[in-house]
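Participant: quick one: sequence plus predicted model below, questions after.
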Amino acid sequence: MNAHTDLIDRYFDAWNETDGARRRELIAATWSADADYRDPLLAGAGHAGIDAMIRAVHERFPHHTFRRTGQVDGFADRLRFSWELTTPAGDAIVKGSDFGVIDPHGRLQAVTGFLDQVPDGV
């Protein structure tokens, strides 16, 4: 597993963590302190903003899980990856592609997300 894949797998561990204390630990290990996340529906800045954003997703989609689809592609301090949000039954209801920038310490500095498939009402 390369460093980019390990980083993004930790990223999804944070997204899937329902225990607030553990999620904040994962965010701190994965994101720089001044990190920024943006997609068409959500935004979060810094560790507290990213935690609040993830918590809101858990409230809206209880027991759903994010998972990486395919390989993480990257060079230098840039990377991209695709993902899906699955129901408790395992059905993918949202799919997306994200692009990230990594800080000099190997943590995410910024992620910009694009939604590739979204059901009505999301």
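Facilitator: Arrived safely, thanks for sending. Residues are numbered from 1 along each chain as shown.

Participant: just the helices from this protein, written as ranges.
Facilitator: For the chain, the helices defined by DSSP state H occupy 3-16, 20-30, 46-60.

Participant: list the helices and strands the last one packs on?
Facilitator: Of the remaining helices and strands, those touching helix 46-60 by 3 or more Cβ pairs under 8 Å, 6 or more residues apart in numbering; DSSP states H and E are helix 3-16, helix 20-30, strand 31-38, strand 43-45. C-beta: built from backbone N, CA, C; applies to glycine.

Participant: in the longest one, what counts as buried?
Facilitator: If I follow you right, that is helix 3-16. By neighbour count with 16 or more other Cβ atoms under 10 Å, helix 3-16 contains the buried residues H4, T5, L7, I8, R10, Y11, F12, D13, A14, W15.

Participant: what does that helix rub up against?
Facilitator: By Cβ atoms under 8 Å, 6 or more residues apart in numbering, the list of residues contacting helix 3-16 from outside reads 1, 23, 26-27, 29-31, 50, 54, 57, 65-68, 71-74, 79, 81, 83, 100, 102, 106-108, 111.

Participant: look up phi and psi at L41.
Facilitator: Main-chain dihedrals, L41, degrees, to the nearest 10: phi -110, psi -20.
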